[in-house]
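Peer 1: this one's structure only:
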Ligand code: F6P
């Protein structure tokens, strides 16, 4: 078989580990050949390929990003996009695709399968918000990076008696905020799943200052106050259809300073959470996903995504994979609330 591989959506530590596992098992165990498609769905639409064999996957296990490049291109939003993909697959004699991506990439994978193109999906997002899998690779790395940042920010905050607001990624789900906040001993954690009261945040911050400690507030980029949410979202969309968020961290730091009279600083961790080498956990999960994805292709089992359930890797229908966003449940948030203030 000739199998095409692509990575779509935001990059994520562990993508290269998946690619390596797919190619190593595909070539060495099954005798398949591989074609790399550049920059997500853009590659097969525009016919951009790169060689993908044992040589190309040597030494990429620990490397962040993706050797294939990525994009948020959706062939169903490009005139003639799906026909162009069919033509490219025919030209390169590609029998099936492995698409590694998040909600959007896997949504396209499902539609293409319905349209007769054989695709197997591999879930990826640092946000950990895909419903069909217990964890996605990249999440553990992002949480480690955010936790280390919180640890470092705490000592400088305490030296200067300041409140430190740490804004982490997570537009729709607060998993990174919850886990890094718990691991870093944050005094307040704010997530998109629950609108927060600024009065309450100020109360926790003041209590912390009274105890002669500097408060650390971890806020997910998609978290919103009960009032004033409209000031945070400009409503404008960027070229990829993302609504631009207005910087909740900076806004909150200013509110805290104005209401407490204490110095406050905001730090936006942004894309540092997505860069660099994956943790050991993410390398292992990504590798296992890659091995099982190539098994599915070899079995001709298309329209499925590999997923982690407990400690097992299973196959789930792509329709199930993209059906629902996994957000932080109330009980999980309540566990963290015990430590607020
Ligand atoms: O979905 C992954 C993610 O990193 C989100 O946490 C974040 O909101 C978004 O991508 C950022 O996208 P971009 O890289 O396009 O700025």
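Peer 2: That came through fine. Source: prediction; values computed, not measured.

Peer 1: Could you tell me which residues of the stretch 151-300 of the chain lie near the ligand?
Peer 2: Residues of the stretch 151-300 of the chain found near the ligand (C-beta under 6 Å from any ligand atom) are 169-171, 221, 242, 274. Using the backbone N, CA and C atoms, a C-beta is placed for each residue, glycine as well.

Peer 1: Tell me which two in those are the farthest apart.
Peer 2: Using C-beta to C-beta, these span at most 14.6 Å, a distance reached by 242 and 274.

Peer 1: Next, the buried residues of the top helix by length along the chain.
Peer 2: Using DSSP state H to define each element, the chain has its longest helix at helix 139-160. By 16 or more other C-beta atoms under 10 Å, the buried positions in helix 139-160 come out as 139-147, 149-150, 153-154, 157.

Peer 1: residues in contact with that helix?
Peer 2: 13-14, 125-128, 162-164, 166, 168-169, 175-176, 179-181, 183-186, 213-216, 218, 263, 265, 267, 269, 272-274, 276-279, 281-282, 285 (C-beta atoms under 8 Å, 6 or more residues apart in numbering).

Peer 1: change it to 6 Å
Peer 2: For helix 139-160, the external contacting residues (C-beta atoms under 6 Å, 6 or more residues apart in numbering) are 13, 126, 128, 164, 166, 168, 176, 179-180, 183-184, 214, 216, 269, 273, 278-279, 281-282.

Peer 1: The residue nearest to residue 305 when sequence neighbours are not counted: what secondary structure?
Peer 2: Leaving out its chain neighbours, the residue that sits closest to residue 305 by C-beta to C-beta, 6 or more residues apart in numbering is residue 121, at 3.6 Å. With DSSP: H, G, I helix; E, B strand; the rest coil as the basis, residue 121 sits in strand.

Peer 1: tell me, how many neighbours does residue 121 end up with?
Peer 2: Residues within reach of residue 121, counting by other C-beta atoms under 10 Å, total 35.

Peer 1: residues in contact with the one residue in the stretch 151-300 of the chain that gets nearest to the ligand?
Peer 2: Nearest residue of the stretch 151-300 of the chain to the ligand (C-beta to the nearest ligand atom) works out as residue 169 at 3.4 Å. Going by C-beta under 6 Å, 6+ apart, residue 169 touches 176, 221, 273.

Peer 1: What residues does the stretch 1-150 of the chain have near the ligand?
Peer 2: The interface of the stretch 1-150 of the chain toward the ligand, taken as C-beta under 6 Å from any ligand atom, is made up of 10, 102, 125-127.

Peer 1: quick one: which of the residues you listed is nearest residue 34?
Peer 2: Taking C-beta to C-beta as the measure, residue 34 lies nearest residue 102 of these, at 22.1 Å.

Peer 1: residues contacting the closest one?
Peer 2: Contact partners of residue 102, counting by C-beta under 6 Å, 6+ apart, are 9, 124-125.
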